[in-house]
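Asks: just the structure for this:
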Amino acid sequence: MISLGTGLAVFFGGMLGGIARFALARWIDTRLGPDFPWGTLAVNLSGALAAGLLAGYLVGLPGPEDEPGWLWFLGLVGFLGSYTTVSAFSLQALELAREGRMGAVAKYVSASLAGCLFAAGAGLLAGGAFQ
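Replies: The predicted structure is shown next:
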């Protein structure tokens, strides 16, 4: 069970992250054109950078080991989780690498890329996009 404060932090962070994702991607795409998903790339890269910076900062802060602080839930889980899931993917892959589990890194990255492409294609097919 999550506390009300944690739930609200994730909620408001997620709301702001979704707005930021939409605004930045749209702003970039309208300036650079539709030939390449520049907006999504910018969101994913900036989200991964922000996740690394925020996680690096928060890991060094004192606090109870079993409960991250409100900034973790607001910023990483809520805002960056809504802004881009690539941030969570990147941190998790790097954590496996830090642990020296390079086989697990290769499996996770490969399964994520191939699996997500397959799942998106299956969803498009099931939704009638390829009729």
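
Asks: ok, the residue nearest the centre of the chain to Gly115 distance?
Replies: A centroid search over the chain (Cα atoms, centre = their mean) returns Thr85, at 2.1 Å, as the residue closest to the centre. From Thr85 across to Gly115, the span is 13 Å (Cβ to Cβ, to the nearest Å). (Glycine included, C-beta is placed from N, CA and C.)

Asks: do the same with Glu95
Replies: Taking Cβ to Cβ, one finds Glu95 at 19 Å from Gly115.

Asks: these two - which one has more neighbours?
Replies: Each of Glu95 and Gly115 has its neighbours counted (other Cβ atoms under 10 Å); Glu95 has more, 13 against 10.

Asks: what's the helix or strand containing that one packed up against?
Replies: Here Glu95 sits within helix 86-98, counting by DSSP states H and E. Where contact means 3 or more Cβ pairs under 8 Å, 6 or more residues apart in numbering; DSSP states H and E, helix 86-98 is packed against helix 38-59, helix 102-126.
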